[in-house]
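Engineer: got a predicted structure plus its sequence, pasted below:
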Amino acid sequence: MFFRLFLTDLKRIKQRFLPLVLITLILAVGLSVVVLLSNRLLYNEQTIEPVNVGLVADASSPYAKMAYSMVSEMDSYRATCRFIEIASEDHGKQMLENDEIKALIIIPDNIINSIIYGEDNPITVIYNQDGTLDTYTLNEVFKSTSSMLATAQAATTIIYQGAYQMGLPDTALDQIATDADNLYMDYVLSRTELYIREDLQLTGAYTPYQYYIVSGLLLLLFFSGIVFLSFIKGNSDTLRLRLKLHGITGAHIIISQYLTLTITLFMIYTILFFSCMTGGTIGHFAPLQFHISGFFAGIPAILFIGFVILLIGYLPTGYSGACLLLFLTAFLLAYIGGGIVPVRLLPDFIQNFAEHTPYYQLLNHLCNGFYH
């Protein structure tokens, strides 16, 4: 009897298969356009140029000049900043308002002594309020520098205090102070030998095209649930009662619907997979040239998505409410799992668990199967 129910469900879903394919293809075209435009806007091939940063320092102060020279030679600043010496703070603020510079650094006259001897005479940094990625990057660079300075300052202070408490001669104390300062200058402010240059993608080992095409495929499978929800909610109470009289329980109905869902999802997945692979081969577009060996990597995703669709379909909501909930669930899972915004650009509190979410695991499993 269960087998007859399963065949009936397959016939019911067959009537919805053509609309399902059409909806999926329309969504595929839409998502493809979004992926292409996003990739061009966010990941263009232009060279990343250092941004202009204004520096106000007393021209007659040797300490300010020394600080400027040290900071400008740091790798982290040379890669991100182009320093412009500015005569006055007012002129610098005017340049900041005119967007001629992204940040303004004001260096006090006795900055070196302040750092070495722990005096509270901080450097002032004023940011451009444009809210761009340049400003964010500068903020991160400045924060990392502050952390390095604080660590070095604490270390040199401990060395000084320990040396003076040992009752050493003045010449020895002077030599220790000089060596500590030089060590601080060489290994904290000048960090060239400590850097390893690597080219990394925000999307990990895969290009943005590859990453978001696979993420789009996952979202398409989720969105196909619009048709599946009507299939799940199509069983009336009268039909359920009739089935129950023939020994078909609610568990049998759920299992039959889940099997039907996964089979149909697998067919949709197959169409999308081979369409992408064929299009990538004909158009010589590498991100669509999936490896045939990765075809079965989509099975875990199909099983998971089928379960989510079935679960939402059995919630006590109408069809429209279930569709809205499915959309929200898919976008939430995709966002938290790095399928919309790369995990490295998500807020810190989300990054802590993003890599453990089902969407992230499925996305990386598919990428690994398609491109390796």
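Structural biologist: Received the coordinates, thanks. The shown structure was predicted, so the numbers you read here are calculated from the model rather than taken from an experiment. Numbering: from 1, shown residues only.

Engineer: what's the domain layout of the protein?
Structural biologist: Listed by automatic domain parsing, the domain ranges of the chain are 2-44+202-371, 51-152.

Engineer: where among the ones you listed is the average confidence lowest?
Structural biologist: The minimum mean pLDDT among those belongs to domain 51-152 (a mean of 70).

Engineer: which strands or helices does the helix or strand L183 falls within pack on?
Structural biologist: Element membership of L183, judged by DSSP states H and E, is helix 170-184. Counting contacts by 3 or more CB pairs under 8 Å, 6 or more residues apart in numbering; DSSP states H and E, helix 170-184 is packed against helix 133-165. For glycine as for every other residue, the C-beta is placed from the backbone atoms N, C-alpha and C.

Engineer: what are the ranges of the helices in the stretch 201-350 of the chain?
Structural biologist: All helices of the stretch 201-350 of the chain, identified by DSSP state H, counting those that start in this stretch, fall at 208-223, 225-232, 237-245, 250-283, 299-313, 319-336, 348-354.

Engineer: the longest one vs helix 208-223, what angle?
Structural biologist: Translated: helix 250-283. When axes from the mean of the first three to the mean of the last three CA atoms, to 10 degrees is applied, the directions of helix 250-283 and helix 208-223 differ by 150 degrees.

Engineer: helix 250-283 to helix 225-232, inter-axis angle?
Structural biologist: Using the same axes, to 10 degrees: helix 250-283 against helix 225-232 is 150 degrees.

Engineer: what is helix 250-283 packed up against?
Structural biologist: When contacts are defined as 3+ CB pairs under 8 Å, 6+ apart, helix 250-283 sits against helix 2-42, helix 208-223, helix 225-232, helix 237-245, helix 299-313.

Engineer: kindly report the same for the fifth one.
Structural biologist: Secondary structure elements in contact with helix 299-313, counted by 3+ CB pairs under 8 Å, 6+ apart, are helix 208-223, helix 225-232, helix 250-283, helix 319-336, helix 358-371.

Engineer: ok, the nearest residue to I292 once chain neighbours are set aside - contacts?
Structural biologist: Nearest non-adjacent residue to I292, counting by CB to CB, 6 or more residues apart in numbering: M277, 7.3 Å away. When the contact criterion is CB atoms under 8 Å, 6 or more residues apart in numbering, the partners of M277 are L288, Q289, F290, I292.

Engineer: neighbour-wise, which one of those residues leads?
Structural biologist: The most neighbours of any of those, using other CB atoms under 10 Å, belong to F290, which has 24 neighbours.

Engineer: verify the stated contact: that one with C276.
Structural biologist: Yes - the pair F290 / C276 is scored as a contact, 6.1 Å apart, by CB atoms under 8 Å.

Engineer: with distance to K143 as extra columns, can I get the helices of the stretch 201-350 of the chain in JSON lines?
Structural biologist: Formatted as JSON lines, the helices of the stretch 201-350 of the chain follow (distance: least, CB to CB, whole Å):
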{"stretch": "helix 208-223", "distance to K143": "27"}
{"stretch": "helix 225-232", "distance to K143": "44"}
{"stretch": "helix 237-245", "distance to K143": "61"}
{"stretch": "helix 250-283", "distance to K143": "42"}
{"stretch": "helix 299-313", "distance to K143": "39"}
{"stretch": "helix 319-336", "distance to K143": "26"}
{"stretch": "helix 348-354", "distance to K143": "13"}
